[in-house]
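> compute the structure for the input listed below.
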Amino acid sequence: MDNLTFAVTMVVVGMGGTLLTLWILSLIMSILKSAFPYKKEEEGK
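Purely as a prediction, here's the structure:
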């Protein structure tokens with residue numbers, strides 16, 4: 001495998017892994033947001 005092929009493979013794997021990780025984190029955040037919705041506190045307490 002020449003250097004250019006190896007470089008392109010590393011770029012695809014690196015960017016793919018980064019985007020996959022970010023997508024998984026956003027999925028976890030949306031699940032947590034639906035599990036624990038934000039409730040506004042009343043000021044009268």
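
> how close does V11 get to W23?
Computed with C-beta to C-beta, to the nearest Å, the distance linking V11 and W23 is 18 Å. All C-beta spots, glycine's among them, are computed from the backbone N, C-alpha and C.

> also D2?
Note on D2: its distance to W23, by C-beta to C-beta, is 32 Å.

> could you do M1 as well?
The span separating M1 from W23 equals 29 Å under the rule C-beta to C-beta.

> and the two? Which one has more around it.
Using other C-beta atoms under 10 Å as the criterion, M1 and W23 rank with W23 on top: 10 against 6.

> report pLDDT for the residue nearest the centre of the chain.
For the chain, L22 is the residue whose C-alpha lies nearest the centre (C-alpha atoms, centre = their mean; 1.8 Å). With respect to pLDDT, L22 scores 98.

> which stretch of helix or strand covers S34?
Assigned by DSSP states H and E, S34 belongs to helix 3-35.

> sorry, wrong one. I was asking about E41.
Taking DSSP H and E as the definition, E41 sits outside all helices and strands.

> can you give me the neighbour number for it?
Taking other C-beta under 10 Å as the criterion, the count of residues near E41 is 6.

> and for G16?
By other C-beta under 10 Å, the residues close to G16 number 10.

> likewise for F36?
A count of neighbours around F36, defined by other C-beta under 10 Å, yields 8.

> distance of it from M29?
In this view, F36 and M29 are 11 Å apart by C-beta to C-beta.
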